[in-house]
Structures are given as structure tokens and as C-alpha cells.
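Asker: can you look at this prediction? I've put the sequence above it.
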Amino acid sequence: GGPLPEAYNVFLQRQGFQQTPVGFQQNQGVFQQGAGTFQPPTPGLDLSGGNKLIKKANLPILKPQQTPLLPSQQDLASLGCGSPPANCPRSPYRSFDGSCNNLRNPVLGTPNTPYTRLLPPNYADGKQSLTLDKSASRGTQRQPLPGARTVSVVIYPDQQIEDPIWSLNAMQYGQIITHDMSMIAGSTQAQPQSTMCCSATGQLLELASLPDHCFPIVLDNTDPAFGQVNAQCMNFVRTITDRDRNCVGGNQPAEQLTAVNHYLDLSIVYGNDDLTSQQLRQFQGGRLRVDIRGNQQWPPRNLNATGVCAIQNIQEACYLAGDTRVNQNPQLTVLQVVLLREHNRIADTLGQLNPHWDDETIFQEARKINIGQHQHISYYEWLPIFIGLDNSLNNRIVYTTKDFVDDYDINVNPTILNEHATAAFRYFHSLIAGNLDLVTENRNAFGSLRLSDWFNRPQILEEGDNFDDLSRGLNTQPQMASDPFHDSEITQFLFRAGQPFGQDLKAIDIQRNRDHGLASYNDYRTFCGLPRAQTFEDFLDVMRRDSLERLINLYERPDDVDLTVGGSLEAHVPGTLAGPTFLCILTEQFYRTRVGDRFWFENSGETGFTRDQLSQIRKASISRLLCDNGRNIQAMQPRGFERISARNAILPCEALPRVDLSFWRDPQGPGVGQDQVNLTPQVFF
Ligand code: HEM
């Protein structure tokens, strides 16, 4: 079978596998990208060593005596920039909006608060206007930055290169993690924006009639796709900032708001505020609301189906979930449904084990277990594939211990980094496949869906055996390689809703980089420990010459290169799916998300699990999740983010490790005499 991928070492050990597989040797010592490999010409760039990239800075801590001076809740809510809770209940469970996670600064990580930054913004006017306008506003003779769509066409063409190791589920779980962590305010990301910055026929509007917040992407008439339909204009609405909401004024630079809570806490399943969570709950047996059709559980119907889905008739499914993006693409919805069914599966079992528990106790305990499994899968099964196992271990993002890890640090800011959400993490848009395989139990791919036929149309999941066939497809089909190539399903046909063409996600990513005024690629190189480039040639330390030539043709100076673009052309650090600059940003983010979360699943104490329960949580895996929540899935490979092979062969579902929920039997219960659980009752102060 050959060596197992090193990324899975710790994950397997925790599940009880003794074997420590030999690491992948093939890429050691060289940066690797696409087809080529290169020697790293930067001695001393050691991303896998030490902890030097991890910053604790930027945490706006309120001194206790300042707390009463905060504006009233009502004032802040009307401003719309995050509202601190009136008080913090002492609870073993998380709040829905993330408030009171950090007890010194209870509003930290709540919805509608700004992203934070590693480097100050680079707006053309120093305050808020797009980086794009720089030359104009400074009155120099410099060229404006190249158009976002032009850059996309030149840098991100469609070339179908499959990832040799990882399955499409690695991509798809990445989107789940992303949606759990952030969402730019003012966008639903699930359907074309309601604000139209272009005419209905794709022409530019007169400046005077341009709606607020518009910054449309201008298209060339030579555009290989949009030129065919004479479109000049692609919609783009700027992200809402704290300045827009009058939360800051004067010359303070604008900071974009994120609409969801920042923690990795399955808010995509449970909602980001109390009201949404109530709409999603059954208030019976601790369950979440579902509709039963075809003997399967589906999320409840979204009452604004025509508004949020691209449905073609009113009967078509359109779901409601904790996250507004739930319907965006079929495989995303599959995982959302799996996580929803998993909650109800856990709740039903807990209810049987503890018949004396009320709805609230079952609900909160099931939610806590579901979140624990999700954090475990995200950090131990998924993350090492993307940012490397050594890098994760060395930076104290994952641990080999089988015991608790009490590394919560109240001084670490869990806020999502703008650089992470707007540039580094979006690099993995490259992994998206344009066709989704339907796969039978004997792993026969008998058909596939075209992605752009099914954006925001989840009905397809309910047809025939599609749900199971798509679940197997996730684990069977390879993801596309992590490289500059992007499928035209997302660079020409995004959200096309039956039209010949749609939008270009990479052009949007580049425009978003400028909308958010991110500092330049060269600035982040320096921040992350690479030398500052004086000339374009200096980029050759991490880039191939052909990539460089394309940059030179587009940009005037090295300092102009957008972070999104420069970072995506770097050769990968061995054992990871990213180049050094993005890896540095991703590493920083995932450190903060873990250590800044008081409810992290590996912590002991009243927010955590018992030791026995924690060892059970560590048995969770993506494959078992799919097994347990399909209609009739019989078998899966043990490591679901890795493609099926002789060393990762399909096994019957029962042979995969499972979380034994009997460790949640409550000793306090009538007639049940065990003594291993300590559920802390909710106390308020
Ligand atoms: C079929 C799959 C996917 C589609 C159709 C998709 C589409 C989108 C769209 C439309 C946006 C909003 C763009 C904007 O207006 O600025 C977005 C944002 C984003 N995407 Fe994806 N995406 C997919 C998969 C992924 C994956 C696999 C990852 C990472 C592993 C990812 C990471 C992100 C991030 C970090 C953002 C910004 C989140 C924020 O608002 O803070 N996406 N994506």
C-alpha cells in the first residue's frame, strides 16, 4: 500500500492506531507548485520551526472598570457594529453569537464586528477608497492597477489538474470551515447580489445612477468569455465597514465587518444569534427542526425561497440553516445536512441514555458533542493536510497528547484576520471541481452534475439516491490541485442561474482584496520573513519565471502586486498546500482560532468534556459522519479526505472508529448508577 500521508499521523494515533507511518518523502526540501519543483533559495525561512509567527497582539482588552462606560446595548445595536451582552451567564455551553467567550472582552468574536489585520490597510485615500484608485488620488503619473478580470484571465486559466492525494471532500470541508468562521457583511454569497451595479444587459451604469457601495468590475471587449456577449460590467458590491455604520469616524481607516461569529463553533448549523437558533430548534427531545421526505431528514424550508434560491418552480427545495450560504452548491449542502442529521442522531441517543433530561439539556449536550467532533475533524484530520503536520505541531496548533490540552489564553484575539479571509484562505478556490460525481456503493461513478447548473438549487439532493451518491462522490472524486488553475465553472459561470455566463470568482477575489485595502504582497512577504523585493526578479525566490513574466506584464512595480495574486503564485512549502506567505497567514489564523476559544474541545474544566468523553470525541472522522448520516451508505475509506487507494481501501462503516455516546450517561439520573460524568448545571450571576 505504500506510506500513509504524514498529515494523518496524529489523527490515526488518537484513534488508537499504533503505527507511526513513514512520512511522505517525495517533496522534502524543495518548494513545489503545479508541475514544477524548485530549491528554496531562502535559507533561514523555516516555517516549520519555532513559534515566531504567532502574534498575540491587537487584542483590544477592556479594563474591568471601563465596562460600565460602554455604550448601551441599544445604542450599539442601532449602530450595527456588534453589541456587548448585558451580562455573561456562567455556563458550560457557548452562546450562539460567541459573546462571553472572552470574559474580559465579551463582545469579541461576535457578528457584525470588524475583521482584524496583521498589517495596516492600504487604501488609496488612507481611509476607505479602493487600493485601485491609488494613482488617481495621489495625482501621480502611475498606471492604475490592472483590472481584476484581466488579472484573472491571465493568471488563473482553466487547466484540469487533479490532486494526486486528496479527495473532493478536503475542498468541501474547507468551505464548511470558512463559512463557520466569517462572511463579509452586506453579502449573502448565496445568490447574485440584490444591489445591481451594472445594467440588466451587463453594461456600465452612469456614475450618477450607480447605487451606493458599487464598484463594478470592468470587462474588456476582448474578454474571452464575456466579450462573446458584449458584457462590459460584472457586479461588485463593496463590503460594509465600521465607517459605513458610523461606528468610527474622523480619519480612522475603514475596517470591514463580518456578519457571522468568528469562532469555529458550527454556527453554520446552529445560527449566529439567539433568534435564528430558536427558529432552527424543534424544542423537543433536543432536536433541530427537520422536514421528512422520502424517509430522510431535510433542513426546514426557507420561507424566502424565491429571494435566496435560484429555484425554477415554487415546489423546489430551498433550505434554512444557521448559515445563509447553505444552498450555494450541492456538496456544501450535503455536508450541512450531514451535520444537521448528526445533531439529531446524537440528541436521540442522549435522550435514550438519559430519559430524565429535558429538551434544553439534550440540545446543549448534543450541540457540544457535535462541535467537539467538528473541531477535532477540522484540526486533526483536515488542517494538517493544508498547513502541514510539522508546522501545526511546531506552532502548537495540534498536539500528540491523548490528554486534555489546556492552552486557552485570554490574551489571544480570536477575531478573523482580513488577510486570511480575503486572500490566503481563498487560495483554495483553486481546489473546486466543475463536475460533481455521483457514485454508487461499488464506487462506480455513473454520472455527474455540472456545478453551475445547481448553484442555489438544492432540490437535486432529494432526487433518487443523489444524497448518498454525492456523499460517496465527495470521498471518491479527487479535488483539483492547489495551483493557479481554476475551473471555468467558477471563473465564467458562477451563479449563472440558467444564463449563458455568470460571474468570475477569482476576479471577485482580486477586487475584494482591493475593496478591503489589503497591504501589498511585498508587504506580507516581509511580514512573513521573506526578503522585501526591490525588483520583480526578487520574487524568483519563491516563484517560477513564467509566473513572474505574467506579473511583469500586468503590474508596474513589485509593490503593486495584490496579496491575493502574489501569494497564489508561490511554490508550496513541502508537506502543505500553500506557499510561504499564505502559509504564514493561515498558520496565524488557526493558532488564534484555537487558543482564543475558551470553549475549545480539548480544554478541561466545566466547559470541557471528561477525559473519557474526550477520547471518544477523538474517534470522530469525516468518513464515519458520512456513513452515519446517509440513507444507505455501507462503506467508506477510513481517511475520507484522502482518495481511495490500496493503502486507504473501502471498509464497512461498522469497521470505522465511532464515538461511543454511552460515556454521556448521566449518573444523576434516576436509577442509573455510574459516576463518570460531571455535567455542570447552568448558574447565572
Ligand atoms: C464550490 C465551492 C465554492 C464556491 C462556489 C465559493 C464561492 C465563494 C463566493 C461567491 C464568495 C464570496 C466572494 C465575495 O463576494 O467576495 C466566497 C468567499 C470565500 N470563500 Fe469560497 N467558494 C467555494 C469554496 C471555498 C473553499 C473550498 C474555500 C477554502 C477552503 C473557500 C474560501 C472562501 C473564503 C475564505 C471566502 C471569504 C469569506 C468571508 O466572507 O469572510 N471557498 N466563496
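Answerer: Noted; the coordinates are in hand.

Asker: the spatially closest residue to residue 642 that is not a sequence neighbour bridge partners, please.
Answerer: Take residue 642 and drop its neighbours on the chain: the residue closest to it by Cβ to Cβ, 6 or more residues apart in numbering is residue 648, 5.1 Å away. Where C-beta positions appear, they are placed from N, C-alpha and C, glycine not excepted. Residue 648 has these beta-bridge partners by DSSP bridges: residue 645.

Asker: the strands in the chain, which residues?
Answerer: Ranges of strands in the chain, per DSSP state E, are 31-33, 36-38, 113-114, 162-167, 217-218, 233-234, 257-258, 291-293, 296-298, 435-439, 445-450, 478-480, 635-636, 651-652.

Asker: so which of those is nearest residue 665?
Answerer: When the strands of the chain are compared by Cβ to Cβ, strand 296-298 sits nearest residue 665, at 25.0 Å.

Asker: residues in contact with the residue in the chain that the ligand sits nearest to?
Answerer: Distances between the chain and the ligand by Cβ to the nearest ligand atom are smallest at residue 174, namely 2.6 Å. When the contact criterion is Cβ atoms under 8 Å, 6 or more residues apart in numbering, the partners of residue 174 are 382, 386, 425, 428, 431.

Asker: ok, and of these, which contact the ligand?
Answerer: 425, 428, 431 (Cβ under 6 Å from any ligand atom).

Asker: separation between residue 638 and residue 389?
Answerer: 17 Å (Cβ to Cβ, to the nearest Å).

Asker: ignore what I typed, I meant residue 591.
Answerer: Distance from residue 591 to residue 389, by Cβ to Cβ: 15 Å.

Asker: make CSV out of the strands of the chain and add distance to the ligand.
Answerer: Listed next are those as CSV, based on distance: least, Cβ to the nearest ligand atom, whole Å:
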stretch, distance to the ligand
strand 31-33, 18
strand 36-38, 23
strand 113-114, 12
strand 162-167, 12
strand 217-218, 11
strand 233-234, 11
strand 257-258, 6
strand 291-293, 25
strand 296-298, 20
strand 435-439, 9
strand 445-450, 12
strand 478-480, 8
strand 635-636, 21
strand 651-652, 27
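
Asker: least reliable of these going by mean pLDDT?
Answerer: Least confident of the strands of the chain, judged by mean pLDDT, is strand 36-38 with a mean of 34.

Asker: returning to that earlier point: so between residue 591 and residue 389, which is more surrounded?
Answerer: The neighbour comparison of residue 591 against residue 389 (other Cβ atoms under 10 Å) goes to residue 389, with 24 against 21.

Asker: show the pLDDT at that one.
Answerer: 97.

Asker: from residue 455, how far off is it?
Answerer: 34 Å.

Asker: same thing with residue 530?
Answerer: Residue 530 is 37 Å from residue 455, by Cβ to Cβ.

Asker: around the ligand, which positions in this protein sit nearby?
Answerer: 171, 174-175, 178, 182-184, 187, 189, 258, 328-329, 421, 425-426, 428-429, 431-432, 490, 505, 508, 512.

Asker: these in helices, which ones?
Answerer: The helices, defined by DSSP state H, take in 171, 174, 175, 178, 490, 505, 508, 512 from the residues of the chain next to the ligand.

Asker: which one is the last one nearest to, not counting chain neighbours?
Answerer: I take that to be residue 512. Residue 512 sits nearest to residue 422 (Cβ to Cβ, 6+ apart), 5.6 Å away.

Asker: wait, what's in contact with residue 516?
Answerer: 115, 121, 239, 256, 418, 422.

Asker: recalculate using a threshold of 10 Å.
Answerer: 115, 117, 121-123, 130-131, 184, 238-239, 241, 254-256, 418-419, 421-423, 563 (Cβ atoms under 10 Å, 6 or more residues apart in numbering).

Asker: CSV for the strands of the chain, including mean neighbour count and distance to residue 405?
Answerer: Below are the strands of the chain laid out as CSV (neighbours: other Cβ atoms under 10 Å; distance: least, Cβ to Cβ, whole Å):
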stretch, mean neighbour count, distance to residue 405
strand 31-33, 22, 31
strand 36-38, 15, 35
strand 113-114, 22, 27
strand 162-167, 19, 26
strand 217-218, 19, 45
strand 233-234, 22, 46
strand 257-258, 24, 27
strand 291-293, 10, 39
strand 296-298, 18, 34
strand 435-439, 22, 37
strand 445-450, 14, 40
strand 478-480, 23, 29
strand 635-636, 22, 28
strand 651-652, 12, 29
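
Asker: identify whichever of those strands lies nearest to residue 465.
Answerer: strand 435-439 (8.3 Å).

Asker: tell me, how many residues neighbour residue 653?
Answerer: Residue 653 has 17 nearby residues by other Cβ under 10 Å.

Asker: the nearest residue to it once chain neighbours are set aside: how many residues sit nearby?
Answerer: Once flanking residues are discounted, residue 653 sits nearest to residue 627: 3.7 Å by Cβ to Cβ, 6+ apart. Around residue 627 there are 23 other residues, counting by other Cβ under 10 Å.

Asker: my guess is residue 627 meets residue 633, correct?
Answerer: Yes: using Cβ atoms under 10 Å, residue 627 is in contact with residue 633, at 5.3 Å.
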